[in-house]
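1. attaching a predicted model along with its sequence, questions to come.
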Amino acid sequence: MYAFVKGVVTLVKPSYIVIESYGVGYLVLSPTPYDYKIGEQAVCFTHHYVREDTNALYGFKSLESKELFVKLISVSGIGPKSALSILANDRIDEIIMAIEASDVKYLTKFPGIGPKSAQQIILDLKGKLVIDELELTPNQESDVSQALSALGYSKTEIRKVMKKIDLDLSVEQMIKEALKLLMK
């Protein structure tokens, strides 16, 4: 199994890229191949997908994208094509938030994902995904986050509300504002 491929991008096509590393050209299927530029040095986090009739290398710009891809293809009825279409069309944090919020309508907007598939994704992955988008520094933001966590709010709820509150307020004011939003 390959964790990542590091090398020079030599070819970019609509569904894949080729990365040359030590004289070997790796054909890597990617949800966002045009994020790569020919001639650039790149690191591509990969998942080696092997089945009876398939042997493919899927690659992603970030480790978070790769991890979400692996979790998506673990869902019954979701294959690599459907997982790639989900990752190609939206941001990871929004996909995770939709799953956590049980938003079937949001998930059905992706090609190849119908209501049953969306419900299966939610059933299998809800509560198992973590968003590390909000990198909290040891300051007022983390104090507010810890206070809300101590009050029993989930990480997902805290992340949603932290995006909406004014971060220039005092810790007490931020907690009050966050609680008001969480009570709605």
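-> Okay, I see it.
2. neighbouring contacts of the helix or strand containing V18?
-> Using DSSP states H and E, V18 sits in strand 16-21. Strand 16-21 is contacted from outside by 5-11, 25-30, 33, 36, 42, 44, 59, using C-beta atoms under 8 Å, 6 or more residues apart in numbering. Quick note: C-beta positions are derived from backbone N, CA and C, even for glycine.
3. only the buried subset of those residues, as a PyMOL command please.
-> PyMOL command restricting these to the buried ones, with burial defined by 16 or more other C-beta atoms under 10 Å:
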select buried, resi 5+7+9+26+28+29+30+33+36+42+44+59
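4. which other residues reach the lengthiest helix in the chain?
-> In the chain, assigned by DSSP state H, the helix with the most residues is helix 171-183. Residues from elsewhere that reach helix 171-183 (C-beta under 8 Å, 6+ apart): 140-141, 143-144, 147-148, 151, 153, 157-158, 161-162, 164-167, 169.
5. that one: which residues count as buried?
-> Within helix 171-183, judged by 16+ other C-beta under 10 Å, the buried ones are 174-175, 177-178.
6. can you list those residues in a markdown table and add pLDDT and distance to E94?
-> Formatted as a markdown table, these follow (pLDDT from 0 to 100; distance: C-beta to C-beta, whole Å):
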| residue | pLDDT | distance to E94 |
| --- | --- | --- |
| M174 | 86 | 24 |
| I175 | 86 | 26 |
| E177 | 88 | 23 |
| A178 | 87 | 21 |
